[in-house]
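Visitor: sequence isn't available, so here's the structure alone:
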Ligand SMILES: C[C@H](O)[C@H](O)[C@H]1CNC2=NC(N)=NC(=O)C2=N1
């Protein structure tokens, strides 16, 4: 399977019948990301990563840039912003699980 450049792709409009990522796809796409992990919260798989910053202002600046990314992709993460730390969680609400969009947005988050 050729490696897709996740960070060069745009999210596709997601619909309720969209397929969840398969185990093979999840492993492939996860291997193209760095520092991300899949966790299950209330039965829903999510892509998690925590970023460290030197203070709250930097954490907030990053948070706002992620907000712009989310709006541009019409795909939104859970963002937990603290002093010196931001945790992102990406999943697709409509399908209650992981879709390729989530991996694309995770890759793009690393470029913010
Ligand atoms: C209408 C709007 O585009 C949809 O509700 C979008 C908004 N952002 C979204 N973000 C995420 N993570 N999952 C969704 O299913 C989703 N749906």
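Guide: Ah, there it is. For clarity, every value in this text was computed on a predicted model and none was experimentally measured.
Visitor: got the residues of this structure near the ligand?
Guide: Applying CB under 6 Å from any ligand atom, we find that the chain lies next to the ligand at 14, 74-76, 91-94. C-betas here are computed from N, CA, C, even on glycine.
Visitor: for residue 80, what are phi and psi?
Guide: Main-chain dihedrals, residue 80, degrees, to the nearest 10: phi -110, psi 110.
Visitor: from the ligand, how far off is it?
Guide: To the ligand, residue 80 is 15 Å away according to CB to the nearest ligand atom, to the nearest Å.
Visitor: tell me the bridge partners for the nearest residue to that residue once chain neighbours are set aside.
Guide: Once flanking residues are discounted, residue 80 sits nearest to residue 87: 4.4 Å by CB to CB, 6 or more residues apart in numbering. For residue 87, the beta-bridge partners are residue 50, residue 80 (DSSP bridges).
Visitor: residues in contact with residue 87?
Guide: Applying CB atoms under 8 Å, 6 or more residues apart in numbering to residue 87 gives the contacts 48-51, 79-80.
Visitor: can you check residue 45 too?
Guide: Each residue near residue 45 by CB under 8 Å, 6+ apart is listed here: 38-39, 91, 97-98.
Visitor: low-confidence ranges in the chain?
Guide: 1-4 (pLDDT under 70).
Visitor: which elements pack onto the lengthiest helix in it?
Guide: Secondary structure assigned by DSSP state H gives helix 56-73 as the longest helix of the chain. The contact analysis (3 or more CB pairs under 8 Å, 6 or more residues apart in numbering; DSSP states H and E) places helix 56-73 against strand 78-82, strand 85-90, helix 100-109.
Visitor: how many other residues sit next to residue 41?
Guide: When neighbours are counted by other CB atoms under 10 Å, residue 41 registers 11.
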